[in-house]
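Colleague: Generate coordinates for the sequence data below:
(chains A, B, C and D)
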Number of protein chains: 2
Amino acid sequence: MSKQLQQKISNTDQNGVSVIQNQPHNSALNPAGAAGLQQVPQLVPVSPGGGGKATPPSKMKKSMMDKNSDEYRQRRERNNLAVKKSRMRSKQKAQDTQQRVNELKEENERLEAKIKLLGKELSVLKDLFLEHAHNLADNVQPPASGGGPGDLCNNNNSGSNSSQ
Amino acid sequence: MSKQLQQKISNTDQNGVSVIQNQPHNSALNPAGAAGLQQVPQLVPVSPGGGGKATPPSKMKKSMMDKNSDEYRQRRERNNLAVKKSRMRSKQKAQDTQQRVNELKEENERLEAKIKLLGKELSVLKDLFLEHAHNLADNVQPPASGGGPGDLCNNNNSGSNSSQ
DNA sequence: GGAAATTGCGCAATGA
DNA sequence: ATCATTGCGCAATTTC
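Modeller: Residues are numbered from 1 along each chain as shown, chains lettered A, B, ... in the order given. As a prediction, this is how the structure comes out:
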C-alpha cells in the first residue's frame, strides 16, 4: 500500500505553490546523489532483470529509473554536464547585463554633459545676437528701456521646441 | 507491508506551500541507523559497526545529521526556505537589471535626439550670426571685443535644463 | 556560536 | 532521442 504512481507534481511555476514531491525512488538504493559526497558500491536488493516486484508496480516504462543501469548513469552524467554549462552561461549573461548597465550609465552621463555644453553654447550665441540688437538700437533709437518692439533682451527660448 | 513512515513536516509557509516530503534520501552519512524506511538491506563498504566513521573525516558533531531528528528536519526546512528566498531574490535582481538596461537605452536615445536638436539649433544660429556679421562688416567694424562674451546682457540662464 | 544567506551540485521534469 | 532549462533539495561555506 505504498504510494505507487507518481503524483502529478506541480510543474514549473514561479508562483507555483503546492510542491508535492513524490518519492524519489526506491529509497535506499543509492542515495549518494544528494551532495555528491560519496558513492558507495551499491548492492541491489532486488533481483535485476528478472522479477522486479519490490518496487511499486507503476509504469516503469522500460527500466528508465534503474539506478544501477549504465544507461541511467550515463544520462545523469550528461545531464549534469549540461546543467553546469547552462548555469555557467546564465551567470555570464547576468554579469554581462550588469556591465551593460554600467556602460549605459556612463554614456548617459556623457550625453547629458554634452547637452549641457550645447545649451551653453546656444546661450552664448543668443547673447551675442542680443548684443548686436542693442547696438543697432543704440544707433537708431535712444535707449528707451521701455519695451520696444524688438525687445531682444529677453531670454525666451523661442524656437526651442523642446518636446516633453 | 512496508509501513511507510511518511513524515509530514508541518511547515508554516507564508505562501502556503504544502510540502509533503517523505524521506528525501539517505544521505549516505548514516548508513544503518536510518529510520525504518524500507527493508532494503543496504550495505556499505565501510561501516561504522562500532568504531568511528571511516569515510568522511567529518566532525560528526553529535546529532548533526540525524536525519530523523527533529532538529535536523527543522534546520533543513529552514534552509530550504532560505534557499528559495535567495534564489527568488537573485532572479528578481537579474530581471530588474535587465529592465534597467532597457530604460537606460531608451533614455540614451532620448538624449541623443535632444543633442541632435540642439546641434541643429546651434547651426542655425551660427549661420544667422555669420550673416549679420557680414552685414555689419559692411558698415562698421566690430569693436574690440575683448571682454567676455555676452556680459552685456546677462540673461545667461546656464542651468535651465528642463528637468522633469 | 548560531541563524540566515549564498553557493555548488545533483536530480528529475519539461522544453525545444 | 539528445541537449537545454528550470525548480528544488541537500550540504558546505560565508555572512551577519
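
Colleague: is chain B contacted by stretch A:101-111?
Modeller: Yes: part of stretch A:101-111 sits near chain B under the criterion Cβ under 8 Å from any Cβ of the partner chain, namely A:101, A:104-105, A:107-108, A:111. Any C-beta I mention is one placed from the backbone N, CA and C, and that applies to glycine too.

Colleague: Could you tell me the model confidence score at whichever residue of chain A sits closest to chain B?
Modeller: At 2.9 Å from chain B, residue A:127 is the closest residue in chain A, using Cβ to the nearest Cβ. Predicted confidence (pLDDT) for residue A:127: 87.

Colleague: What is the neighbour count of it?
Modeller: 20 (other Cβ atoms under 10 Å in any protein chain shown).

Colleague: Skipping its backbone neighbours, what lies nearest residue A:121 in space?
Modeller: residue B:122 (5.8 Å; Cβ to Cβ, 6 or more residues apart in numbering or on different chains).

Colleague: element containing that neighbour?
Modeller: helix B:70-139 (DSSP states H and E).

Colleague: relative to helix A:70-140, how tilted is that helix?
Modeller: Angle between the axes of helix B:70-139 and helix A:70-140 is 30 degrees (criterion: axes from the mean of the first three to the mean of the last three Cα atoms, to 10 degrees).

Colleague: Please see if helix B:70-139 touches DNA strand D.
Modeller: Yes: Helix B:70-139 reaches DNA strand D (Cβ under 7 Å from any atom of the strand) through B:76-77, B:79-80, B:83-84, B:87, B:91.

Colleague: on contacts alone, who are the packing partners of that helix?
Modeller: helix A:70-140 (3 or more Cβ pairs under 8 Å, 6 or more residues apart in numbering or on different chains; DSSP states H and E).

Colleague: re the thing from before, roughly how far apart are the residue nearest to residue A:121 and residue A:73?
Modeller: Separation of residue B:122 from residue A:73 (Cβ to Cβ, to the nearest Å) stands at 72 Å.

Colleague: Who has more neighbours out of those two?
Modeller: In this view residue B:122 and residue A:73 are compared by other Cβ under 10 Å, and residue B:122 has more residues nearby, 16 against 13.

Colleague: Does that one touch residue A:120 like I think?
Modeller: No: with contact defined as Cβ atoms under 8 Å, residue B:122 does not count as touching residue A:120 (10.4 Å).

Colleague: got any ranges where chain A has weak pLDDT?
Modeller: For chain A, residues meeting the criterion pLDDT under 70 lie at A:1-64, A:140-164.

Colleague: Which member of the residues of stretch A:101-111 next to chain B is positioned nearest DNA strand D?
Modeller: Taking Cβ to the nearest atom of the strand as the measure, DNA strand D lies nearest residue A:101 of the residues of stretch A:101-111 next to chain B, at 20.2 Å.

Colleague: Let me see the contact set for the closest one.
Modeller: Neighbouring residues of residue A:101 by Cβ atoms under 8 Å, 6 or more residues apart in numbering or on different chains: B:97, B:100-101, B:104.
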